Every structure is written in C-alpha cells, then in structure tokens.
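S.K.: Give me coordinates for this.
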Amino acid sequence: MARVNEMKGSEPTRRLAHVWDESLCIACGACVMACTMTNQPEMMHRKEKGWDSVASNIRRIDGVNATGKPSVLLVQCQHCDDAPCVANCPFGAVYRDDDGLVRLDAEQCAGCSYCVTSCPYNVRWFHPDSKLPMKCMGEGCLDLVAQGESPACVQACPAMARDFGDLNDPASSVSLTLRTKRSRRLLEGSGTEPKYFVVEGGL
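M.R.: The predicted structure follows:
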C-alpha cells in the first residue's frame, strides 16, 4: 500500500475506523484473545511486562464508573489522522497507508521507542523476541482486511459490540452507527483526530 505521508497533498482513499459499543460489550475478553491468536499466537501463554492479561494489541482497563459499578474500557491504536507516532518517528518507519491506517515498516524501525512514548493512548508494546513495537493492527488482521474481511476482534465478538469500516462511505455500517448513536472519542482534546469511536448507546 502507498505511504500517504510520503505523498504530498495526498489523502487516504478510505478512512478505516474501529467502533466499539460499550453499551453492548459483555466484557468477555473474546476480542483480546482473538487479537493475540491472529497476530501474535506465540504470546498466548506469555505475559508481557505491564499487562494484566495476555499480551494483545487491545488493552483492557478495568475500573469503576460514576455510579460505583465495575466498568471496562477497551483501548487500542486509534489510527489517528494526526498521529504523534508518525510525526515523531525519526526514521520514517511509522506511516499512514492509503486506508488511513497507521502502520510500521519493520525494516526501517530501529527500536528507538519514540513511537511508544509518543502515543497518548499507551497502546504500543515491545515484542520480547523481535524487539519491535506492536499495536493494532497486526499482520494477521491486515491480511484479513486486505481480503475484504473484518479484523479478528470484530469477528470474535459474540455481542456484536465491535465494527470496522470506512468513514468516507456514508452507507457503511460504521457511518450509520455514528450518525444514529451517541459516541465519543478518547482524548479528543489532544488534537490527534482518532478513528476509534466508543458508542455509548442511545440516540
């Protein structure tokens, strides 16, 4: 795929985005497990430092909401339109492709960790073997998308709380959801223009 940040004046032909409906999510963890199985199956029985569960490109954050009830937040790469990791990579290894997805060119990566520390969402992690920074979307999911399929997390969700599609297509399921349901973006005030939407339920 073309590297958009190397094409002056060019914009992605599609703007692929993730939608997670927290009102439908049952916190089963199927998306987390499917992500690891598809992208880093060797990590299924290993825990990465700093993670409370299996190392995955989806980070689960357990907490308590304003009413005192347990809550779950699922966070992953936001595929920001103005991604700090792209701007701060000194080697040009991090880029946006022509689908608007933030990608890593492993051959250009020096493992300097600039992209990891630049991410305000704290969703990158270093693979203990390759020493490369991992994140959504992994190679397995990129292959699925290239074949016209949904990422593993979307396919695995039994509650249909996840979706993935093109924001530039007004008829796509993600566009329809965002037009008809209340949603928010994480750290929206940071100016990163994230393409990960959290649906809160209701109109």
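
S.K.: Tell me how many other residues surround residue 172.
M.R.: By the measure other C-beta atoms under 10 Å, the count of residues near residue 172 is 18. Every residue, glycine included, has its C-beta placed from N, CA and C.

S.K.: Tell me the predicted confidence for the spatially closest residue to it that is not a sequence neighbour.
M.R.: In space, and not counting its chain neighbours, residue 172 is closest to residue 165: 4.0 Å by C-beta to C-beta, 6 or more residues apart in numbering. Looking at residue 165, its pLDDT is 98.

S.K.: Residue 165 bridge partners, please.
M.R.: residue 17 (DSSP bridges).

S.K.: Give me the average confidence score over stretch 176-185.
M.R.: 96.

S.K.: ok, now how distant is residue 14 from residue 30?
M.R.: 26 Å (C-beta to C-beta, to the nearest Å).

S.K.: Mind listing what's buried along stretch 194-203?
M.R.: 194, 195, 196, 197, 198, 199 (16 or more other C-beta atoms under 10 Å).

S.K.: Of the residues you listed, which belong to strands?
M.R.: 196, 197, 198, 199 (DSSP state E).

S.K.: ok, the last one - contacts?
M.R.: Yep, that's residue 199 we're talking about. Residue 199 sits next to 19, 20, 21, 22, 23, 24, 177, 178, 181, 182, 183 when contact means C-beta atoms under 8 Å, 6 or more residues apart in numbering.

S.K.: what's the longest helix in the chain?
M.R.: In terms of residue count, the longest helix belonging to the chain (DSSP state H) is helix 30-39.

S.K.: Run through the bridge partners of residue 72.
M.R.: With DSSP bridges applied, residue 72 shows beta-bridge pairing to residue 62.

S.K.: Can you report how many residues lie near it?
M.R.: Residue 72 - counted by other C-beta under 10 Å - has 15 other residues nearby.

S.K.: and what of residue 138?
M.R.: The burial count for residue 138: 19, using other C-beta under 10 Å.

S.K.: per-residue pLDDT, the residue lying closest to it once chain neighbours are set aside?
M.R.: Leaving aside its chain neighbours, residue 138 sits nearest to residue 39 (2.6 Å; criterion: C-beta to C-beta, 6+ apart). For residue 39, the model assigns a pLDDT of 97.
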